[in-house]
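**Q** Here is my input, please return the structure:
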Amino acid sequence: MNYKNQQYARQEALIKERALFDGVTGGGRFMGKPRTFVLQDPEANLYAPIREYVKAYFAENGIDWWRGNGPSGHTLSSQIACLNHLIPIMNDAQTVLSMINGIRNEFTEVLPISCDKHPAYISIEVVSDADHLNEKSSTRGANCTSVDALIMAKHQSGKTILIPIEWKYTESYPTFDKSTEGDMKRKGLERQRRYNQLIQDSKQLKSLDLYEGSIYYQEPFYQLMRQTLWAEQVIKHKDTECLKADDYWHVHIVPAANKTLLSCKYKVSGQSMEETWRSMLNDQSKYSIVDPSELFAPLSSKEEYSALVEYLKNRYW
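**A** Below is the predicted model:
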């Protein structure tokens, strides 16, 4: 049984136990059909103490929800997983600092992210103020390059570091070339028009003689490529952007057990996901893959988060 099917079974069992989801049953609709792993009341998919806060946060910051006007009842939603992990700690500077220092012990403080209506130390579904990637849209959570979560921190060198976070749960990807998609390759050609020159000019991404059919246009690398360009452009335009940073560190959250994603041998490279992506990067220190339980290891000794950690263990880890 692959990781995704294991997690389907796990969530269905939790739903049947009627404890973790406040007794809410499965059978909610997804893609037009009732599903045993989709909650009848989608809000029960969120960790109970954050439900009202999350709804208010999305509304006041104009953030689009994944596939709807509110939280998804799909228990394998990576957006929900990201929120359940990060929202409970987003206002606690010392805990956020300990979390990132648990991966790289190089930071002296975390900074409030002033782009939000009520700045905290983590921001969700973050976009740039201006369109630097030729995408013609900057709606948080939809139709443009955004990052699932963002932290800004002071490095021991004195630099301000942008920390974009891409959150994965059960995702894996079939081979699908986004550079040639659409009738007469129109969608693919438009994507190449947007990103090829930016990749060519990038300091972090390796230039290629031919971008069509390349790693950069296969998932999950297509997402990682755009987020890398996003970070570079936000820093390049920091004089006019709300986010003002000197450098960045791209953090990719992937459960270590998701071997379908991590250990897949991609046709474009013949290597695993991490090996494939690292082969395209000039500076390896700017990219880290982290398991969510590893990310939260510093919280295990904090009594005030014992209920959260127990919830996350039961639900995800």
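**Q** Number of residues surrounding E310?
**A** 10 (other CB atoms under 10 Å). To be clear about C-beta, it is placed using only N, CA and C from the backbone, and glycine gets the same treatment.
**Q** Same question for L111.
**A** 17.
**Q** hang on, C115 is in a strand, isn't it?
**A** No - per DSSP: H, G, I helix; E, B strand; the rest coil, C115 lies outside any strand segment and is coil.
**Q** How about it: what's its closest non-neighbour residue?
**A** Leaving out its chain neighbours, the residue that sits closest to C115 by CB to CB, 6 or more residues apart in numbering is C242, at 4.2 Å.
**Q** Next one: the one you found from P119, what distance?
**A** Using CB to CB, to the nearest Å, we find C242 at a distance of 10 Å from P119.
**Q** Return stretch 63-80 as PDB; C-alpha atoms alone will do.
**A** Taking Å, rounded to 0.1, in the frame of the first residue of the first chain, the C-alpha atoms of stretch 63-80 are listed here in PDB:
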ATOM      1  CA  ILE A  63      -6.900  34.600   0.600                       C
ATOM      2  CA  ASP A  64      -8.600  32.000  -1.600                       C
ATOM      3  CA  TRP A  65      -9.300  28.600  -0.200                       C
ATOM      4  CA  TRP A  66      -8.400  25.400  -2.100                       C
ATOM      5  CA  ARG A  67     -11.300  24.300  -4.300                       C
ATOM      6  CA  GLY A  68     -14.000  26.400  -2.500                       C
ATOM      7  CA  ASN A  69     -15.100  29.300  -0.400                       C
ATOM      8  CA  GLY A  70     -14.100  27.800   2.900                       C
ATOM      9  CA  PRO A  71     -11.900  25.100   4.400                       C
ATOM     10  CA  SER A  72     -11.900  21.800   2.500                       C
ATOM     11  CA  GLY A  73     -13.400  18.700   4.100                       C
ATOM     12  CA  HIS A  74     -10.900  16.600   2.300                       C
ATOM     13  CA  THR A  75      -8.800  15.000   5.100                       C
ATOM     14  CA  LEU A  76      -5.700  14.700   2.800                       C
ATOM     15  CA  SER A  77      -5.700  18.400   1.900                       C
ATOM     16  CA  SER A  78      -2.100  19.700   2.100                       C
ATOM     17  CA  GLN A  79      -3.500  23.200   2.700                       C
ATOM     18  CA  ILE A  80      -5.300  22.000   5.700                       C
END
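**Q** Can you give me the buried ones in that stretch?
**A** Across stretch 63-80, burial judged by 16 or more other CB atoms under 10 Å covers I63, W65, P71, S72, G73, H74, T75, L76, S77, S78, Q79, I80.
**Q** Now tell me what touches it from outside.
**A** The contact list for stretch 63-80, computed with CB atoms under 8 Å, 6 or more residues apart in numbering, reads 4, 7-8, 11, 14-15, 28, 30, 35, 37-46, 54-55, 57-58, 83, 124-125, 139-142, 148, 167-171.
**Q** On the three-state scheme, L86 is what?
**A** helix.
**Q** Can you tell me how far it is from A149?
**A** In terms of CB to CB, L86 sits 5 Å off from A149.
**Q** joint contacts of those two?
**A** In contact with both L86 and A149: I122, I124, I165, using CB under 8 Å, 6+ apart.
**Q** show me the contacts for the residue nearest to C115.
**A** C242 is in contact with S114, C115, D129, counting by CB under 8 Å, 6+ apart.
**Q** Could you export those residues as a markdown table, including distance to Q204, neighbour count and pLDDT?
**A** Formatted as a markdown table, the contacts of C242 follow (distance: CB to CB, whole Å; neighbours: other CB atoms under 10 Å; pLDDT from 0 to 100):
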| residue | distance to Q204 | neighbour count | pLDDT |
| --- | --- | --- | --- |
| S114 | 26 | 12 | 92 |
| C115 | 23 | 18 | 91 |
| D129 | 21 | 13 | 94 |
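**Q** The contacts of stretch 63-80 in strands, which ones?
**A** The members of the contacts of stretch 63-80 that map onto strands under DSSP state E are G28, F30, R35, I124, E125, D148, W167.
**Q** Most neighbours of all the residues you listed, which one?
**A** I124 (27 neighbours).
**Q** Chain neighbours aside, what residue packs nearest to that residue?
**A** A149 is the one closest to I124 (CB to CB, 6+ apart), at 5.6 Å.
**Q** who's the one you found bridged to?
**A** I124, I165 (DSSP bridges).
**Q** residues in contact with it?
**A** Contact partners of A149, counting by CB under 8 Å, 6+ apart, are C82, L86, I122, S123, I124, E125, V126, P164, I165, W167.
**Q** coming back round to it: of the shared contacts of L86 and A149, just say which sits nearest to E275.
**A** I165 (21.3 Å; CB to CB).
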